[in-house]
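Structure, please.
(chains A and B)
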Amino acid sequence: MRLTMHPLVCQQAVELMSDYLDGSLSRRDRRRLEKHLAACAHCSTYLDQMRATIAASGAVRPDDLDPQALDELTELFRQFRGDGDGT
Amino acid sequence: MDDAELLRRLLGGDEKAFTELVVRYNATLIRIALYYVNNQASAEDVAQDTWIAVLRGVDKFEGRSSFKTWLFRILVNRARSTGVREHRSISIDPLDHDASVAANRFDEGGAWRAAPEPFTDAIDRAVANEKIIGLVHDAIARLGEPQRAVVTLRDVEGLSTMEVAELLELSVANVRVILHRGRARVRSDVETNLQGGGS
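Numbering: from 1, shown residues only, chains lettered A, B, ... in the order given. Presented below is the predicted three-dimensional model:
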């Protein structure tokens, strides 16, 4: 059995980025990826793109609500407050 | 105002607190419901049922989980039974083997042929960020299931991988794979539109 680590190529490295950012890579894969990133500017850019994508996802604002849906739900709330069980 | 404060006000009968929670979460509820049910109308009904359940149960909510997690759990339970009634079968295909990046962008040795463009270079960072947020929003909306549900819960709503797995009754390993595919697709979509749309 060979104990040396196979170096990653870019095409493999991009498949590890999501798990890397979530801290869920195995120690071995993390080391392989970090070794690759240290030497590869392109994959570092890719990783930054992935970081920006995830950060932007967290900043997505909710879609506008259909005013009719909001009216219906507000009416529902009033019924609840009025008679306690909404029926 | 955070969810806990809105919840306190809701318990006190504050209508504005209720509508604020609806504004904050209804779109996400509908989006997650679509993972289980056949169409938009069913998903809207499930979301409305969820709010009724919230109003019925809010005084019993013990705050052991976050409001968000509690809310999503109510939604998923309802959506799941509606989905069963509609005989909807959920196709979970975490083993969809699409590559994160198109194969033709790498050479025979698997190295990038050309450098990927940074997302936030050159143009003003704040403007760029706003633009990327818009593109990411649209890209998530275009995702297929289960990627859309998983990316929405994990990256938009900020639940942990474990919470997403429990909620959707998937293994943690499957959530990771689905998330990986979904994020890669969103990234690639943003890249295409940033290049195509100019700055």
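
How about residue B:109: what's its closest non-neighbour residue?
When the adjacent residues along the chain are set aside, residue B:109 lies closest to residue A:9, with 6.2 Å between them (CB to CB, 6 or more residues apart in numbering or on different chains). Every residue, glycine included, has its C-beta placed from N, CA and C.

The one you found and residue B:180, how far apart?
For residue A:9, the distance to residue B:180 under the criterion CB to CB, to the nearest Å works out to 18 Å.

do the same with residue B:173
In this structure, residue B:173 and residue B:180 are separated by 11 Å, where distance is defined by CB to CB.

more neighbours, these two?
A side-by-side neighbour count of residue B:173 and residue B:180, using other CB atoms under 10 Å in any protein chain shown, places residue B:180 first with 23 against 12.

quick one: the more buried one is in a strand?
No: counting by DSSP: H, G, I helix; E, B strand; the rest coil, residue B:180 is not part of a strand but helix.

Tell me which helix or strand the closest residue to it other than its chain neighbours sits in.
Taking CB to CB, 6+ apart, and ignoring the residues beside it in sequence, residue B:180 has residue A:18 as its nearest neighbour in space, at 3.8 Å. Assigned by DSSP states H and E, residue A:18 belongs to helix A:17-21.

In terms of secondary structure, what does that helix contact?
When contacts are defined as 3 or more CB pairs under 8 Å, 6 or more residues apart in numbering or on different chains; DSSP states H and E, helix A:17-21 packs onto helix A:27-39, helix A:41-58, helix B:172-197.

Buried residues, the last one. List them.
When you say that, I think you mean helix B:172-197. Residues of helix B:172-197 classed as buried: B:174-191, B:193-194 (neighbour count, 16 or more other CB atoms under 10 Å in any protein chain shown).

Now it: average pLDDT?
For helix B:172-197, the mean pLDDT works out to 91.

I'd like to know which elements it is packed against.
Applying 3+ CB pairs under 8 Å, 6+ apart, we find helix B:172-197 packed against helix A:17-21, helix A:41-58, helix B:125-142, helix B:147-151, helix B:161-168.
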